[in-house]
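# Task: produce atomic coordinates for the following.
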Amino acid sequence: MGAKKMMAISLMVSMMMTMLVNEVRAIENLDVERSEDEGIGSCAKECALKCLPQINPPRIIICTALCIIACKLNPPPAIFDCTTGCANSIIKTYNPTDARKIDNIVDSCYETCKNNN
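Residues are numbered from 1 along each chain as shown. Purely as a prediction, here's the structure:
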């Protein structure tokens, strides 16, 4: 039982790191204002604490991706709600397990919602 828990935790951490690297790259490509004391690290830490208690690894990834978008990009509520609904719907339908696929879904939903609003 202990080995299974360690394996699950290791999988979750590696998925989150993959997602975080993608988010850092995406944010670096955007022209987002950053203060000296607040970078992606502060958002990632805040989001990890918020999202890690969830049990399902794909849910942890989507929670973290949405949290980082909210933290760093601070979109209007309509765009954030649209992104959340879109991402949850697609993930529920296709049930992807790869962190990059989930991250790409969230990014795609965000771009679509941003362009439509």
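# does Pro97 belong to a helix or a strand, and which?
Careful, residue 97 is Thr and not Pro. Assigned by DSSP states H and E, Thr97 falls within no helix or strand.
# Report the contact partners of it.
Pro57, Pro58 (CB atoms under 8 Å, 6 or more residues apart in numbering). Glycine gets a C-beta too; all of them are placed from N, C-alpha and C.
# Would you quantify the distance from it to Asp81?
25 Å (CB to CB, to the nearest Å).
# Show me where the protein has its helices.
Applying DSSP state H to the chain gives helices spanning 2-29, 40-51, 57-68, 77-94, 99-116.
# any idea which of the ones you listed scores lowest on pLDDT?
Here the lowest mean pLDDT among those goes to helix 2-29, at a mean of 61.
# burial count for Glu111?
Counted with other CB atoms under 10 Å, the neighbours of Glu111 add up to 11.
# now it: how far from Leu73?
As for Glu111, its distance to Leu73 is 11 Å (criterion: CB to CB).
# Over to Cys82?
13 Å.
# go on, Ile91?
Applying CB to CB to Ile91 and Leu73 gives a distance of 20 Å.
# Kindly format the C-alpha coordinates of stretch 46-65 as CSV.
The C-alpha trace of stretch 46-65 is given here as CSV (Å, rounded to 0.1, in the frame of the first residue of the first chain):
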residue,chain,number,x,y,z
GLU,A,46,-0.1,29.2,-4.0
CYS,A,47,-1.7,27.0,-6.6
ALA,A,48,0.1,23.9,-5.5
LEU,A,49,-1.1,24.4,-1.9
LYS,A,50,-4.7,25.0,-3.2
CYS,A,51,-4.8,22.1,-5.7
LEU,A,52,-2.7,19.3,-4.2
PRO,A,53,-5.5,18.1,-1.8
GLN,A,54,-7.5,16.9,-4.8
ILE,A,55,-7.3,13.2,-5.3
ASN,A,56,-7.5,12.8,-9.0
PRO,A,57,-4.1,13.7,-10.8
PRO,A,58,-5.8,15.2,-13.9
ARG,A,59,-8.0,17.3,-11.6
ILE,A,60,-4.8,18.6,-9.8
ILE,A,61,-3.3,19.6,-13.2
ILE,A,62,-6.4,21.4,-14.4
CYS,A,63,-6.8,23.1,-11.0
THR,A,64,-3.2,24.3,-11.1
ALA,A,65,-3.4,25.4,-14.7
